[in-house]
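1. I would like the atomic coordinates for the input below:
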Amino acid sequence: MSRASHNVPAVIVGAGLNGLGVLRSLAAAGVPSVVVGTHGDEPAMRSRHGRKVFYDAAGGGEALLATLERVAAGAADRPVLILTMEESVVHVMAYYARLATRFRMTLSAPDTLAPLLNKDGVRAAAEAAGLAIPRTLRIQSAADVSGLDALTPPLIVKPARRDAGYEAAFSKAYRFDTHAPARELVERILPVLPDVIVQEWIEGTDSDLYFCLQHLPADGAAPTSFVGRKIRSWPPRVGGTASCGPAPEAVEIIESTTAFFRQAGVHGLASMEYKRDPRSGRYVVVEPTVGRTDFQEEVATLNGVNLPLAAYRSACGLASPPGGGSAAGRIWRERMSDTQSAERTPAEETRTIEGARSVDALWRIDDPGPELARLASRVRVRLKRLLRSDR
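-> Predicted coordinates for the structure are as follows:
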């Protein structure tokens, strides 16, 4: 594949681990990129790849819009816009028509995406596509709390949407074996975020969590897909991905994932997470991700399926890149969270991937900046603690 064909710039919104993986995936194919981040210590802002642009996150959607329009105005060609954070999807949806005249988009229109950012909309779409999904209650006021008793524990409690106030006070999700503590937590959350989801827990461990990462072309052509599974999460049972790798044994979820997104009218970057119930072998929907890349998106690239490149080439009217998995497989690992998870997760609950080589999410010999920045940050924190203790 000729690198000379990749002369249209990509603009990546979000400079965390997700954005870093996208940046490295595009850099490997010679795609010129601009990373839009909020501060200099974000991993992708320390990469040797791409040009870096800052914006003030406190300014919300208007600040992001102004930054993106400034970047587009300075580009020789209409850039490809790739999002990596849920809040950026919400902001871009608000200005979609305006941005679509300045960028080649890799996400569907707002009227398609909006229902899938809502847990009720996800349930309706899953049922329409014939996918299994656990019983769920959406609680938006104290009057709804009594409905919680109709669900069968264990229960998981989580926010219905991203919210800064919630994230400042609570964890990503909570698991309870009885109704009473779940009810108590919901009552504490409601004054902060009056939009809470309580869902019946799906049996299984973190190693039973599977995902299908996709790029779905707007013309209805076959999607580019990668199937993987988690090895560990942090925090265990309710947290994000700490390590993951390829899962060819679950290739069947490509069909169900494609059916879900096609039924909902989604094109562009999207993914679906499932939990495999060890009792029945059935894959049950956990949640979709739409309009952006997933946190562990780079695991697909490491295993020969470059989804950011597929999205980029599709937006430029080019053919999809060839895919071909690594024979041994590659594990994507966020070292700090994976180490913490391994210390707290019983060995019998962790299924590794035989013969696969682990690749650190931050450290690369040819791109050491992100890991060196993290080390420097940890040193600064420890020095501050030492100085305070000496006073």
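2. For residue 312, which non-adjacent residue is spatially closest?
-> residue 80 (5.1 Å; C-beta to C-beta, 6 or more residues apart in numbering). For every residue, glycine as well, the C-beta is placed using N, CA and C.
3. try residue 345
-> Per C-beta to C-beta, 6+ apart, closest to residue 345 is residue 236, 4.8 Å.
4. wait, that neighbour sits on residue 344?
-> Yes: at 5.5 Å, residue 236 counts as touching residue 344 under the criterion of C-beta atoms under 8 Å.
5. higher neighbour count, these two?
-> Set residue 236 next to residue 344 and count neighbours by other C-beta atoms under 10 Å: residue 236 wins out with 20 against 11.
6. Restricting to C-alpha, output the lengthiest strand in the chain in PDB.
-> The strand that spans the most residues within the chain, counting by DSSP state E, is strand 224-234. Output in PDB follows, covering the C-alpha atoms of strand 224-234 (Å, rounded to 0.1, in the frame of the first residue of the first chain):
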ATOM      1  CA  THR A 224     -13.900  -4.400   8.900                       C
ATOM      2  CA  SER A 225     -14.000  -6.300  12.200                       C
ATOM      3  CA  PHE A 226     -11.800  -7.500  15.100                       C
ATOM      4  CA  VAL A 227     -13.000  -9.800  17.800                       C
ATOM      5  CA  GLY A 228     -11.200  -9.800  21.200                       C
ATOM      6  CA  ARG A 229     -11.700 -10.500  24.800                       C
ATOM      7  CA  LYS A 230     -10.600  -9.000  28.100                       C
ATOM      8  CA  ILE A 231      -8.000 -10.800  30.300                       C
ATOM      9  CA  ARG A 232      -8.300  -8.400  33.200                       C
ATOM     10  CA  SER A 233     -10.200  -5.300  34.200                       C
ATOM     11  CA  TRP A 234      -9.500  -2.500  36.600                       C
END
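7. tell me what that strand is packed against?
-> Packed against strand 224-234 by the contact rule (3 or more C-beta pairs under 8 Å, 6 or more residues apart in numbering; DSSP states H and E) you find strand 209-216, strand 240-246, helix 253-264, helix 298-302, helix 307-315, helix 335-344.
8. now what about the second one, what contacts it?
-> Outside strand 240-246, the residues within contact range by C-beta atoms under 8 Å, 6 or more residues apart in numbering are 172, 211, 226-234, 295-296, 299, 303, 325-326, 329-334, 337-338, 340-341, 353, 356, 358.
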